[in-house]
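In: mind folding the following:
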Amino acid sequence: MSKQRTDLIPNPNQKKILELEKRYFNQLESIITSKDFLSDLKNIERETKTNYRLLSKIWNVKNKIKIPAERLVRYHIYKTLFNTDMGCSFFPSPVSCDLAIETDDAILNIDVKTDDIQGNRNDIYNTQLEHNQSSFNNKRIGANGPFKGLEAMANLKPIDEYSGKINLTYLIKIIYSDDGYNFQISNDTNNPTLTLTCIPNGILSELFDFDLLSNFKTYKYYSSLDGKYYKEKLIGDNSIFDNTTDEQKYEIMEKSINIPNNWIRGKVLSKVGYYDPENDIIWLYQLKGSSNKKYYLCAVRCGDSSRYKSECLKERYDENGDSWVGLKEYYEMLK
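Out: Sure thing, here's the model as predicted:
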């Protein structure tokens, strides 16, 4: 775990990025806590409550506000920023968050997530992003014995190669409760209504010891298209690991699959698997399929959706060494 280090003196380029991250964080905070934004968020709640049964039938998905929430954030950011003298314009690259805007001195990448208290409470207090949404350069994670860990990919470049501007990443979360019968936006002291997070730019990675990721939520796997070696290995049906210990999981896999003698048992983060030292590949079990799901042992290419250490994102320092909060939670916002 590594919070932003105060014993390292940022270079001029890092100081500029530290200034930009704080300044745009404050601007986004002003937008999402504004009266107009919260009024429209309340309208989303009212619309969802009024048409709850119809929405359940039309969408047949648990997360009924994903689209209006993204629309809400996009509308208010466009309305506010494009009416300033910041020189806002369209950003064309697909390697970005869903919402990306070029200003006169930065590229704003803003991801919007909606988390359900009933269905994914843990995600409320976790910070997770995909490869294309962050430029932070993290060291490999999940090292165990001879295995050096999985690469944490970050496809977003710290500096946009065409405009020469700094890529900044922010995450806005809207928290709600949907128990299958009733819907409401979180509006009490138990869970936040909104959260806003700044993910440090990759040029600042050394200030965090290249260590902001805790684990991966998902992984990217090789397939047989990458070669015969990478073909997945069938373990069994989707209940085969029910109520089993790690040792029992290994026993089940070794009865189902011909595991090479040189492969080494070992946990990678929270999952048991095998390390092939000859090819420097880790193999983990994965549940695959649509209706008839089965477990397979699969070769891991890299981590996919990454979880950041939220506590390390909160304690930030600007270009002058003054402290600020880079992850804020906003409670009881609709009262």
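In: go ahead and confirm Trp263 touches Trp283.
Out: Yes: counting by CB atoms under 8 Å, Trp283 is a contact partner of Trp263 at 7.5 Å. In this view, the C-beta of every residue, glycine as well, is placed from N, C-alpha and C.
In: helix, strand or coil: sort out the residue of the chain positioned farthest from its centre for me.
Out: Going by CA atoms, centre = their mean, the residue of the chain most distant from its centre is Asn261, 36.7 Å out. Secondary structure assignment for Asn261 (DSSP: H, G, I helix; E, B strand; the rest coil): coil.
In: do the same with Asn167
Out: strand.
In: mind listing what the residue lying closest to Asn137 once chain neighbours are set aside touches?
Out: Counting by CB to CB, 6 or more residues apart in numbering, Ser205 is the residue found nearest to Asn137 once chain neighbours are left out, at 4.0 Å. Contacts for Ser205 were tallied using CB atoms under 8 Å, 6 or more residues apart in numbering; they are 136-138.
In: where's Ser205 relative to Gln4, distance?
Out: 11 Å (CB to CB, to the nearest Å).
In: quickly list what's touching both of Trp263 and Trp283.
Out: Shared contacts of Trp263 and Trp283, defined by CB under 8 Å, 6+ apart, are found at 274-276.
In: out of these, which one sits closest to Phe147?
Out: Closest to Phe147 out of the shared contacts of Trp263 and Trp283 is Tyr275 (4.4 Å), distances taken as CB to CB.
In: can you tell me what sits against the helix or strand where the closest one lies?
Out: Assigned by DSSP states H and E, Tyr275 belongs to strand 271-276. For strand 271-276, contacts defined as CB under 8 Å, 6+ apart pick out 144-147, 246, 249-250, 259-260, 262-267, 281-285, 297, 300.
In: in strands, which of those residues fall?
Out: Secondary-structure check on the contacts of strand 271-276 using DSSP state E: residues within strands are 264-267, 281-285, 297, 300.
In: export those to TSV and tack on pLDDT and distance to Leu171?
Out: Below are those laid out as TSV (pLDDT from 0 to 100; distance: CB to CB, whole Å):
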residue	pLDDT	distance to Leu171
Ile264	94	37
Arg265	92	36
Gly266	84	32
Lys267	83	29
Ile281	94	32
Ile282	94	28
Trp283	96	32
Leu284	94	27
Tyr285	94	30
Leu297	96	33
Val300	94	25
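In: show me the contacts for Asp7.
Out: For Asp7, the contact set (CB under 8 Å, 6+ apart) is empty.
In: make it 10 Å
Out: Leu207 (CB atoms under 10 Å, 6 or more residues apart in numbering).
In: same thing with Glu311?
Out: Neighbouring residues of Glu311 by CB under 10 Å, 6+ apart: 1, 3, 125, 127, 214, 327.
In: buried residues in stretch 198-217?
Out: 198-205, 207-216 (16 or more other CB atoms under 10 Å).
In: likewise stretch 112-129?
Out: 112-117, 123-124, 126-129.
In: among these, name the ones in strands.
Out: 112-116, 127-129.
In: just to revisit the earlier point, pick out the most distant pair among the buried residues of stretch 112-129.
Out: Longest span within the buried residues of stretch 112-129, CB to CB: Ile117 and Leu129, 21.1 Å.
In: what stretches of the stretch 101-250 of the chain score poorly on pLDDT?
Out: For the stretch 101-250 of the chain, no stretch is flagged by pLDDT under 70.
In: quick one, strands of it?
Out: With DSSP state E, counting those that start in this stretch as the criterion, the stretch 101-250 of the chain has strands at 106-116, 127-129, 166-178, 183-185, 194-199, 213-216, 219-221, 233-237.
In: closest to Tyr308 out of those strands?
Out: strand 127-129 (4.2 Å).
In: partners of that closest one, with directions?
Out: Sheet pairing of strand 127-129 (DSSP bridges) gives strand 306-308 (antiparallel).
In: could you point out the helix or strand that follows the strand it pairs with?
Out: In N-to-C order, the element after strand 306-308 by DSSP H and E is helix 310-314.
In: what's the first helix or strand after that following helix?
Out: strand 315-317.
In: and that next one, what does it pack against?
Out: helix 12-32, strand 323-325 (3 or more CB pairs under 10 Å, 6 or more residues apart in numbering; DSSP states H and E).
In: what's the closest non-adjacent residue to Ile172?
Out: Leaving out its chain neighbours, the residue that sits closest to Ile172 by CB to CB, 6+ apart is Val112, at 5.2 Å.
In: next up, phi/psi of the nearest residue to Ile175 once chain neighbours are set aside, please.
Out: The shortest distance from Ile175 to any non-neighbouring residue, by CB to CB, 6+ apart, is to Ser186 (4.0 Å). Phi and psi for Ser186, reported as degrees, to the nearest 10, are phi -60, psi 130.
In: what about Ser186, neighbour count?
Out: When neighbours are counted by other CB atoms under 10 Å, Ser186 registers 22.
In: what's the answer for the one 5 residues further on, then?
Out: For Asn191, the neighbour count with other CB under 10 Å is 18.
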